[in-house]
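J.: sequence-free structure coming up:
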Ligand SMILES: Nc1ncnc2c1ncn2[C@@H]1O[C@H](COP(=O)(O)OP(=O)(O)OP(=O)(O)O)[C@@H](O)[C@H]1O
């Protein structure tokens, strides 16, 4: 059984088809990237996989749980980091993490240790008692990722994880995500329109455009299948040059 299994997923917003019958699976411990231009259907797919949105049709399982009928089981077994900052600016880093831990029923006696360890991993332990409103965008994203791991999820979903971050924070997060995979067998599903991001951290990439998967494979397989030398060339070959709205 894959960590994520998707069969013929469709999502319509009224008459507009945002996701048009996609199928794929992600193995446990794999880093899988959904790479696509603006409006491709990446965020819509991620919201369906994380039970935020209802699909129009399709069979979707995450950690073996059906996203329509076992919502709570899915939610308990995943961590999700969306594009928008979802931290409470008026609370400290520690309090934001603690709040999330309580919500996810982390045993009370384990909370302090887990928070400290995760804050240490993202190099923000010394700032744990500072208010989030004093943090930079990159620091907030690091806290969000640490927070998303507090209940030891089996699958981590990241929507454009490094959008708007500087090169140092991007490199740090890419390395951190790879470390998580190596050391805890975490499965990672991320959306991105950053070719570099997909190439640097994903084990496999699905190129999605106009609601459909154009190709799936490793970076090397995609280059071979498209007869190109770089992911950028493959991407443009598969998705064309037209600007998306
Ligand atoms: N609530 C909604 N109502 C109507 N249309 C929507 C809604 N949400 C998204 N769409 C449309 O569905 C399509 C896919 O959007 P989605 O946000 O999934 O794309 P994306 O690949 O994540 O793009 P981006 O990289 O720009 O975030 C877009 O054309 C978008 O305008």
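T.: That came in fine, so what should we check first? Predicted, not measured: the structure shown is a model, and the values here were computed from it. Numbering: from 1, shown residues only.

J.: element containing the residue nearest the centre of the chain?
T.: Centroid check for the chain by C-alpha atoms, centre = their mean gives residue 158 as the closest residue, at 1.8 Å. Assigned by DSSP states H and E, residue 158 belongs to strand 155-159.

J.: Packing partners of the helix or strand just after that strand?
T.: Going down the chain from strand 155-159, the next helix or strand is helix 167-184, by DSSP H and E. Packing partners of helix 167-184 (3 or more C-beta pairs under 8 Å, 6 or more residues apart in numbering; DSSP states H and E): strand 31-35, helix 137-148, strand 155-159, strand 187-192, helix 195-201. Heads up, the C-betas are built off the backbone N, CA and C, glycines and all.

J.: Could you rerun that using 7 Å?
T.: Here helix 167-184 touches helix 137-148, helix 195-201, going by 3 or more C-beta pairs under 7 Å, 6 or more residues apart in numbering; DSSP states H and E.

J.: model confidence over the first one, on average?
T.: What it means is helix 137-148. Mean pLDDT, helix 137-148: 94.

J.: Now that helix: buried residues?
T.: The neighbour-count check on helix 137-148 (16 or more other C-beta atoms under 10 Å) flags 138, 139, 140, 141, 142, 143, 144, 145, 146, 147, 148 as buried.

J.: Kindly indicate which of the residues you listed lies nearest the ligand.
T.: residue 141 (16.4 Å; C-beta to the nearest ligand atom).

J.: Make sure the closest one is actually in contact with residue 165.
T.: Yes. Applying C-beta atoms under 7 Å as the test, residue 141 and residue 165 come out as touching, 6.1 Å apart.

J.: re earlier: closest to residue 22 out of the helices and strands packed on helix 167-184?
T.: Residue 22 lies closest, by C-beta to C-beta, to one member of the helices and strands packed on helix 167-184: helix 195-201, at 16.8 Å.
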